[in-house]
Every structure is written in structure tokens, then in C-alpha cells.
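Peer 1: Based on what follows, work out the 3D shape:
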Amino acid sequence: MLVRRLIVLGLALISLTAAAQPALAQQPTAPPPTPADEPTDPKYTLTAGYQYLYDSSWKEHLKFGFMVSLSRRISPTMAIVGEAGGSHGEYGTTGFTIQRYAFLGGLRLLAGEGEVRPFFQVLAGYSPQGGDVGIANGLAIQPGGGADLTVNEWLLVRAQGDYRFVREDGQNYNMYRITAGVVWSFGK
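Peer 2: The predicted model follows:
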């Protein structure tokens, strides 16, 4: 009778162990990443827009301008930037045209995510001048900043202001620039 009880007890333990093993094997695991968990910052941005420039070398407001820039994010808070732009106007009432261009590159510091994304940048490069007033070439340094306002995941609107220091023909000139443009984000 003792043997029979030991066999029944052994079979009960075996059946309980067999029934418990599938529950033990189902350990909780982390869910797979969802699209919201993936990085949302674009790798590249392309900007095109309007620029207004005050040119202190002629003491004139150049109201007709354009700018194009391309940036590549190299860290969550930093991007490298290349920019080209031009402004046109007239010298007083003489009818002589003034053309001021800039080909710049540098770093942009990005601050924040969300609907409004402020930034600060420092660019340096080449600034040629042309038109009826003559030709001159200079070196430029342009610190500035602005903010991007999100329209959707790939389109933003930008407002920006910059100070431009130009060294041209042995003279120093201080200029300021205001831009507004559209930013396309791509390369997530």
C-alpha cells in the first residue's frame, strides 16, 4: 500500500511539473520597437527662401534676395551646413545695381525638438560683390540663429536673423540679414 501511494504521489508530481513547464517557459520579453520609438530627427535638411540684407559697404538695403542651404545632422544637437545666397538692389537714386553674394559653410547647434526648433549657427566663407558699382571680393563670418516651425514630418517654415562681418579690400564691413524660408527634411 505504501508503494501504491508513492507511485500515485510521484505521478501527481510529474503531471504537475509537466503542466507548470509551459507557463515557466513564457518569460516576459520587451515588445518590438514601434515606429514612435525610432529616431524622428531628419538626417538632412534643404532650405530655400527669401533674404533681406543691409550692406554697410554701400549703406544700402538690398531688398531682393534669395538663400539656399543644405545641412547634415552629425549628432542630436549639431549639424554641418553649407549655404549660398545673393541680394540685389540699387545704389541710391543713381540707378547703379549692387549685387552681393555669399558662399558659406559651418556648424549649426540645434536646441530642442517639437513644434518650434530653435538653432544657432556660425558660418564662414567667401563674399563677392558685383554689379554696376564694381567688383570686390571678401571673406565673411556670419553668426546667427533662428527657429523652425513644424508644418508636418518633412516640412518646416524657418525665420532667421544673421550678422555678417565682411573683410573686403582692406576694409571691414558689418551687415545684417533677415531670412524666411521653407525647410524640407529627409533621410531619417
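
Peer 1: who's Gln51 bridged to?
Peer 2: According to DSSP bridges, the partner residues bridging Gln51 are Thr179.

Peer 1: Equivalent analysis for Val166, please.
Peer 2: Ala140, Tyr173.

Peer 1: same question, Tyr101
Peer 2: Gly86.

Peer 1: so it makes contact with Gly86?
Peer 2: Yes: here Tyr101 lies in contact with Gly86, judged by CB atoms under 8 Å, at a distance of 4.4 Å. The C-beta positions use only the backbone N, C-alpha and C, and glycine is treated the same way.

Peer 1: secondary structure element for the closest residue to Gly181 other than its chain neighbours?
Peer 2: With sequence-adjacent residues excluded and distances taken as CB to CB, 6 or more residues apart in numbering, Gly181 is closest to Gly49, at 2.0 Å. For Gly49, the element it lies in under DSSP states H and E is strand 44-55.

Peer 1: wait, Leu155 sits on Leu149?
Peer 2: No: with contact defined as CB under 8 Å, Leu155 does not count as touching Leu149 (10.1 Å).

Peer 1: shared neighbours, the two?
Peer 2: Common contacts of Leu155 and Leu149 (CB atoms under 8 Å, 6 or more residues apart in numbering): none found.

Peer 1: Tell me where the chain is predicted with low confidence.
Peer 2: 1-40 (pLDDT under 70).

Peer 1: Can you point out the buried residues in stretch 74-92?
Peer 2: Going by neighbour count (16 or more other CB atoms under 10 Å), the buried part of stretch 74-92 is Ala79, Val81, Glu83, Gly85, Gly86, Ser87, His88, Gly89, Glu90, Tyr91.

Peer 1: repeat for stretch 46-59
Peer 2: Thr47, Gly49, Gln51, Tyr52, Leu53, Tyr54, Asp55, Ser57, Trp58.
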